[in-house]
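Engineer: coords please:
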Amino acid sequence: MTTSIETIEIQVDSRRVLDERLEEAVRGLQEVAMATGTHGILLTRHKPGHYTAALSDQVPFGMTRELVH
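Structural biologist: This is a model prediction of the structure:
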């Protein structure tokens, strides 16, 4: 089971805005990940325009993975 300690929800209507929000979320989560040193970042696409970015114990520290539901 995946445990998330920090999650950012992203909902957008524009691809340009999506890219900006995802980059911003990953940068913020990288800062938190550096403090813990134990979690990677998981980006999940739930449906078009709806994503979450989260620190996850199922992703190795220093890695970012994408998941499509």
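Engineer: next, the residue nearest the centre of the chain: secondary structure please.
Structural biologist: Taking Cα atoms, centre = their mean, the centroid of the chain lies closest to Ala53, which sits 2.1 Å from it. Of the three states, Ala53 takes strand according to DSSP: H, G, I helix; E, B strand; the rest coil.
Engineer: now do the one 5 residues further on
Structural biologist: At Gln58 the chain is in coil, as set by three-state DSSP.
Engineer: so it makes contact with Leu42?
Structural biologist: Yes. The criterion here is Cβ atoms under 8 Å, and Gln58 meets it with Leu42 at 6.9 Å. Every C-beta, even on glycine, is put in place using the N, C-alpha and C of the backbone.
Engineer: who's more crowded, the two?
Structural biologist: Leu42 (22 against 13; other Cβ atoms under 10 Å).
Engineer: wait, the residue nearest to the centre of the chain touches Leu29, no?
Structural biologist: Yes. At 5.9 Å, Ala53 counts as touching Leu29 under the criterion of Cβ under 8 Å.
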